[in-house]
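> Have a look; sequence and predicted model below, questions after that.
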Amino acid sequence: MKNFRRAVRESFQYFPAIVLATICSIGIAFLWGSNIGALYPVIDLTLKGESIQGWVQKSIDIHEAEKAAAKSELVLKTQNGNQSDDANARSAIRGLEHKIKQAETAIYYRRIALSYSQALLPRDPFQTICAIMGLLVVSTLVKHLLMLTNDLLLGYAASAIVRDLRRRVFAKALSMDRTTYQNHGTSGLLATITSAADSLAQGLMALFGVAIREPLRVVSCLIFASFISVKLLLLSAVLAPMLLLVVVFFNRTIRSISTSILGKNVGFHEILLEALNNIFTVQAFTMEKQENEKFEECTKDMRRISLKMIFYTGLSKPLTELIGVGMVAIAVCAGAYLVVNKQTHIGFLHIRDTPLSITDLLMFFGFLIGASDPLRKLSGVSIVIYGGAMASNMLYAVLDVPSNVTAAQSPEVLRGPGHRLSIQDLSFYYHQHHPVLQDVNLDIGYGSTVAILGPNGSGKSTLIHLLCRFYDPTGGRICLGNVDIKRLSLHDLRSRIAIVSQSTELFNRTVLENIQYGSPEATQEQVYDAAKLAHAHRFITESLSEGYETVVGQGGQKLSGGQRQRIALARAILRKPEILILDESTSQIDMESELQIRETLQQMKGSMTIIIITHREALTALADEVYTIQNGRLFPSQYKLAAA
């Protein structure tokens, strides 16, 4: 519950909405109890056929008589000097004084009620009943308006809190280093942002809504019931410990089920995303059946856990209601005994000073029934709150995870482009005993073009990731303009670099927007010029139905691999970077287009530092220096020496 408490504390930024919602809950509770209490005079008037003014006056007369009788008895006891020394007599005197005070209080409030009833209510009994029923309808309407306002205020606060958490989780995901992101996975982050956030919203609404409103309704009914008989009310609560045990048991059971549901949601998203994101591979290798089986198995597990949740949730409600009915039954039986036998005691237990009337019993029963309805609703609220607590653990687990790539506290500022890139004694490993790069040294002057060769898995892409600070080296350092890149802001460093990779990433937006991505201030003419340099302008204008306004689909799936790479190259050229990195960027382009791109890069040489990772001879020939990575170490390439 620690993280859920954090979410609750953060929700206090919406303090006005929560306070107003709580005020509405108090109003709802008061109207709930008073609406039931309004039936008291109606029942009495119906049974006795008198006006409410006469009913109140009669009540005043009864209390006046009780007061007078108590005073007379008190005078007699206090005049007896010998008896006054007896402990029992002193106790009786205190009891009489208390009874007189109670009678005076009752008379005071009933006189106020009498003055208002004389001013506001008719004297005819039937008209009085109709007027009370009219007030009951109006108060019910007000109660529901308050409930609507309560729900709207809490919905606003909960949705605002969850929106803020979603925004923070999304921002955290975008800023994660590669290792941290891979640990959570896209499916895990997606489940956190969607399912976990929704569960937290429901938990917060339940906490600030039902968990406040329904207990207040219970308290309201119990307060009104206590006016009839406190001891009878306490007698009806003998089953309360059993009710508490049932609630605790179901809370613990459902807490573990909620955790399982959230865990299965992560697996569900993982299977779903993997299959749909790799749909062509699934179809090409005829794996539809196997993927369907995995999906069916996952959804079967989710169904099993959901049914388990439904079972325990459904079981908790009748058990809670059964105990509540038992409490009401005890009270009704005890009250009926007092009414039928006109008693003030049940056995040795003193219940009240005067016997219960039929009206008292009916109203006491009504208040207990009124308290049982919110108790029934409360039986399920803890489930929702615990679900929100488990969801908050998922959300804050993402928000609290430390980044392996930390931003500089007081970053240094590099003025302009034109800085030398220096790699000094660089080492890196994902696992301590399996180094990927070892003692790499490389010095690249601004405007130079360097090609790096090496077999798959040799560390070429890792070196690029280190240059961009997707990871930090485990040894050595990388400097730009004699400044360790760790001392630069991430934004400053990455804004100087543009990457075109083999696995081209495009967005489900227009061609124009994809090329402008990273350079949103670029004009349309500048976009066209970059596309021409990347030899993409022709196919965009001639082959695509909407030209630059063509939406390329998820991941650019409406385009061929070569078209995607040329759009990515145009995006990088438009950025006008200080360092351009081409990571197998022409692997899906035909030879003619590659030669044209080589001419473009030839024109760009000297205006930026170009790092080429390729096996293509056409691009390698552009390089001023060619290096090979073997077993994590960098060597001058024999290929370049042979070409020389």
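Now that the structure is in, tell me what you want to look at.
> Please identify the helix or strand for residue 507.
Per DSSP states H and E, residue 507 falls between elements, in no helix or strand.
> Tell me the secondary structure at the closest residue to it other than its chain neighbours.
Sequence neighbours aside, residue 514 is the residue nearest to residue 507 in space, at 5.9 Å (criterion: C-beta to C-beta, 6 or more residues apart in numbering). Placement of C-beta: from N, CA and C, glycine included. Here residue 514 is helix, with the state taken from DSSP: H, G, I helix; E, B strand; the rest coil.
> Now do the contacts for residue 514.
506, 507, 552, 556, 567, 571 (C-beta atoms under 8 Å, 6 or more residues apart in numbering).
> Buried ones among these?
In terms of neighbour count (16 or more other C-beta atoms under 10 Å), the buried residues within the contacts of residue 514 are 506, 552, 556, 567, 571.
> which one in the contacts of residue 514 is the model shakiest on?
Going through the contacts of residue 514 one by one, the lowest pLDDT turns up at residue 556, 83.
> From residue 568, how far out is the residue nearest to it when sequence neighbours are not counted?
Leaving out its chain neighbours, the residue that sits closest to residue 556 by C-beta to C-beta, 6+ apart is residue 506, at 3.3 Å. Look at residue 506 and residue 568: by C-beta to C-beta, to the nearest Å, they are 7 Å apart.
> Who are the packing partners of the helix ranked longest in the chain?
In the chain, with assignment by DSSP state H, the single longest helix is helix 288-341. Counting contacts by 3 or more C-beta pairs under 8 Å, 6 or more residues apart in numbering; DSSP states H and E, helix 288-341 packs against helix 230-236, helix 240-277, strand 345-346, helix 358-400.
> what is the rounded mean pLDDT of it?
Helix 288-341 carries an average pLDDT of 77.
> between that helix and helix 358-400, how big is the angle?
Helix 288-341 and helix 358-400 are oriented at 150 degrees to each other (axes from the mean of the first three to the mean of the last three C-alpha atoms, to 10 degrees).
> Could you give the separation of helix 288-341 from the chain centroid?
The chain centroid and the centroid of helix 288-341 are separated by 25 Å under C-alpha atoms, centre = their mean, to the nearest Å.
> Ok, stretch 410-426 next?
Centre to centre, stretch against its chain (C-alpha atoms, centre = their mean), the figure for stretch 410-426 is 41 Å.
> what ranges do the strands span in the protein?
All strands of the chain, identified by DSSP state E, fall at 345-346, 349-350, 421-431, 434-444, 449-453, 475-480, 483-484, 497-500, 579-583, 609-613, 625-630, 633-636.
> Using CSV, lay out these together with distance to residue 229.
CSV is the format used below for the strands of the chain (distance: least, C-beta to C-beta, whole Å):
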stretch, distance to residue 229
strand 345-346, 11
strand 349-350, 11
strand 421-431, 74
strand 434-444, 78
strand 449-453, 89
strand 475-480, 81
strand 483-484, 80
strand 497-500, 80
strand 579-583, 83
strand 609-613, 87
strand 625-630, 88
strand 633-636, 90
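> right, and those - which one's nearest residue 182?
strand 421-431 (10.0 Å; C-beta to C-beta).
> so how many other residues sit close to residue 121?
Residues near residue 121, counting by other C-beta atoms under 10 Å, number 18.
> ok, it touching residue 130?
No: applying C-beta atoms under 8 Å, one finds residue 121 not in contact with residue 130, separated by 10.3 Å.
> domain assignment for this protein?
The record assigns the chain these domain ranges, following automatic domain parsing: 2-51+122-400, 414-496+577-644, 505-576.
> From the chain's centroid, how far away is the first one?
The gap between the average C-alpha position of domain 2-51+122-400 and the chain average comes to 17 Å, counting by C-alpha atoms, centre = their mean.
> What of the second one?
Here the centre of domain 414-496+577-644 is set off from its chain's centre by 42 Å, with C-alpha atoms, centre = their mean.
> so who does residue 537 touch?
Residue 537 sits next to 528, 531 when contact means C-beta under 8 Å, 6+ apart.
> Oh, that last question was meant for residue 175, not what I typed.
Per C-beta under 8 Å, 6+ apart, neighbours of residue 175: residue 403.
> Pull up the gap between it and residue 486, please.
16 Å.
> swap in residue 599?
Residue 599 is 37 Å from residue 486, by C-beta to C-beta.
> Looking at those two, which is more packed in?
residue 486 (18 against 13).
> Need the per-residue pLDDT for that one.
For residue 486, pLDDT reads 91.
> next one: the one 4 residues further on
Taken from the predicted model, the pLDDT recorded for residue 490 is 88.
> Name the nearest residue to it, sequence neighbours excluded.
residue 407 (5.6 Å).
> Just give me the neighbour total for the one you found.
Neighbour number of residue 407 under other C-beta under 10 Å is 13.
> That one contacts residue 489, doesn't it?
Yes: assessed by C-beta under 8 Å, residue 407 is found in contact with residue 489 at 6.4 Å.
> residue boundaries of the helices in the stretch 51-200 of the chain?
52-79, 87-120, 125-175, 178-191, 197-208 (DSSP state H, counting those that start in this stretch).
> Please name every helix or strand in contact with the first one.
Spelled out, that is helix 52-79. Helix 52-79 packs on helix 39-48, helix 87-120, helix 125-175, going by 3+ C-beta pairs under 8 Å, 6+ apart.
> Least confident of these, on average?
helix 39-48 (a mean of 66).
> Pull out the buried positions in stretch 346-357.
346, 351, 352, 356, 357.
> ah, wrong one, I meant stretch 593-613
Neighbour counts over stretch 593-613 (16+ other C-beta under 10 Å) mark 593-594, 596-598, 601, 604, 608-613 as buried.
> Return the residues in contact with residue 607.
residue 447.
> quick one: low-confidence ranges for the stretch 151-300 of the chain?
By pLDDT under 70, the weakly predicted segments of the stretch 151-300 of the chain are 239-240, 243-244, 246-248, 250-252, 254-256, 258-259, 262-263, 265-266.
> I figured residue 309 was touching residue 261, is that so?
Yes: Residue 309 is within contact range of residue 261, at 6.7 Å (criterion: C-beta under 8 Å).
> can you list the weak-confidence ranges in the stretch 351-500 of the chain?
For the stretch 351-500 of the chain, the ranges with pLDDT under 70 are 379-380.
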